[in-house]
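# Here you go, sequence then predicted model.
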Amino acid sequence: MGASDLVYRLYERQLMRELANGPWPRHVGVIIDGNRRYAAERGLAGVSDGHAAGARKIDPFLDWCLELGIPYVTLWLLSTDNLTRDDLEVGQLMAIIEETIHNMACTAGAAERGLKVTAVGALDLLPESTRIGLKRAEEATADHDRLHVQVAVGYGGRQEITDALRSLLADRAAQGETLEQLSATLVPEDIGAHLYTTGLPDPDLIIRTSGEIRLSGFMLWQSAHSEFYFCDTYWPEFRRVDFLRALRDYQRRTRRFGR
């Protein structure tokens, strides 16, 4: 072990001591960002190599969450805006996502890890092979309960709210309710019940990598009382100490939930 490795280990232990008494977030959302810039700045052969490097970071990150007992994670793997990129890049990214989800949910060690995988987003916009892969992952992990991993693929916050309203209107119309009746009784919980993420607690902490300081539409409704943490590190280089720093920052804040 070199001197830099020793310093890293010592710093990691110090962070863990600081974090020991909590509180811990129940639900962590991650805006995975920086794969393309990582590929460009590291001189990789193509953008897909950056996406592949980012995909390899997901397993270690989920292991960190398992070790710390965090029960819910949402990973934003692909936005609706990303679908408008060059066809070749989108196709390569879909293949990487499909492989990542398969390895997460459908391999021999998946059951032992206990990950429960669900997918959220405008899934009808995705290629059939991706939709099939996501469905298989959900079915294979339906009974697991150690860590619920929600993968956001083809996801956009505005689209989610639009789809929630559309679903709510259709349901109420099927019950014979008029638009006037709905408008008179509508409460936020009605919309929340039709979001993609229904059934999961709202995220306590949202992390974005790569130095960008914005949500870009990630969980717009659910993040009303979330704490945000932005770090300069590109996702493929996100380390355990980066995660621990985010958790330390979270613990130092006083959450008032609008009160």
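Looks like it came in fine.
# got a list of what residue 251 touches?
19, 22-23 (C-beta atoms under 8 Å, 6 or more residues apart in numbering). No exception for glycine: its C-beta is placed from N, CA and C like everyone else's.
# no, scratch that, I was asking about residue 37
Going by C-beta under 8 Å, 6+ apart, residue 37 touches 50, 210, 234.
# For the second one, which three-state class applies?
Under DSSP: H, G, I helix; E, B strand; the rest coil, the three-state class of residue 210 is coil.
# now do residue 184
Per three-state DSSP, residue 184 ends up helix.
# what do you get for residue 206?
Per three-state DSSP, the secondary structure class of residue 206 is strand.
# surely it meets residue 228?
Yes. With contact defined as C-beta atoms under 8 Å, residue 206 counts as touching residue 228 (5.3 Å).
# which residues do the two both contact?
Residues touching both residue 206 and residue 228 by C-beta under 8 Å, 6+ apart: residue 215.
# So the two - more neighbours on which side?
Between residue 206 and residue 228, counting by other C-beta atoms under 10 Å, residue 206 is the more crowded of the two (25 against 19).
# got a list of what the more buried one touches?
28-31, 215, 218-219, 223, 226-229.
# With pLDDT added, can I get the residues you listed in JSON lines?
Converted to JSON lines, the contacts of residue 206 look like this (pLDDT from 0 to 100):
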{"residue": "28", "pLDDT": "98"}
{"residue": "29", "pLDDT": "98"}
{"residue": "30", "pLDDT": "98"}
{"residue": "31", "pLDDT": "98"}
{"residue": "215", "pLDDT": "96"}
{"residue": "218", "pLDDT": "97"}
{"residue": "219", "pLDDT": "97"}
{"residue": "223", "pLDDT": "96"}
{"residue": "226", "pLDDT": "97"}
{"residue": "227", "pLDDT": "97"}
{"residue": "228", "pLDDT": "98"}
{"residue": "229", "pLDDT": "98"}
